[in-house]
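Student: After the sequence you'll find the predicted model.
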Amino acid sequence: MRRAAAILTGGLVLAGCRSCDERTVARTDASAQPSMPTGLLLPPPSAPSGDGGADLRIARDAKGGPYAELQVAAEGDRPDKKGLERWKSDSRFVPLDAMTILHEAFARALPGFDLFLPRLFSPEALARLSSELVAFETEWSSVSDVSLAKKRWSSSSQVRDLRDDGEWLATRAMLAQTAREIADLARDLSAKGKSLWVIGM
């Protein structure tokens, strides 16, 4: 009887030890598995947190919406021309969010410029506009962070609403491209002796 009890007790002890060993092996094996790199789970801290808000790039083939239309003037067009055709297929369309920031450059090139009325830029005015936009793009692109941008362009809701440097950099790149495209267009038309309508809302 005592021998049977000893055998039973020994079996229980061995079973318990085997169970401990299995748990230890399981824990060891689990910790040995490769872990997911944290960079694949979360974006790096320096990644932009937004896309910069509104699209400030020039559009083509627009048929409506909040745009200012840049339309090459027909030969002989005068500033008081009535009944301008809108949404022409060969026009360029600048988002109003972009035009509100660029307004100062347009107004310097053509005193009395009004975004909400058609304005005809002569070849001479286009030459001035090209220079003004080049100067604007240089200043705009030199601002490196959102806090400085908000101080400089505090009147622009598009700039005021930016949340971080990532959004500012995206906005900066878009509008710099738009300013360069308009400057190039203005310079080319001026060199050919042509005029340009800027037709707002």
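Tutor: Here it is on my side, so go on. Residues are numbered from 1 along each chain as shown.
Student: what does the domain assignment say about this protein?
Tutor: Split into domains by automatic domain parsing, the chain comes to 2-30, 59-199.
Student: Could you pull up the contacting residues of the spatially closest residue to residue 84 that is not a sequence neighbour?
Tutor: What sits nearest to residue 84 in space, not counting adjacent residues and going by CB to CB, 6 or more residues apart in numbering, is residue 118, at 5.7 Å. Yep, even glycine has a C-beta here, placed from its N, CA and C like the rest. By CB atoms under 8 Å, 6 or more residues apart in numbering, the contact set of residue 118 is 81, 84, 197, 198, 199, 200.
Student: ok, back up a step: now tabulate the domains of the chain in a markdown table and tack on mean pLDDT.
Tutor: Output for the domains of the chain, formatted as a markdown table (pLDDT from 0 to 100):
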| stretch | mean pLDDT |
| --- | --- |
| domain 2-30 | 43 |
| domain 59-199 | 97 |
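Student: Let me know which of those domains is tucked in deepest.
Tutor: domain 59-199 (a mean of 17; mean count of other CB atoms under 10 Å).
Student: Would you map the helices across this protein?
Tutor: Assigned by DSSP state H, the chain shows helices spanning 2-32, 96-109, 123-142, 146-152, 157-160, 165-191.
Student: Run a quick check on residue 195 versus residue 73, I expect a contact.
Tutor: Yes. Contact criterion CB atoms under 8 Å: residue 195 and residue 73 qualify, at 4.0 Å.
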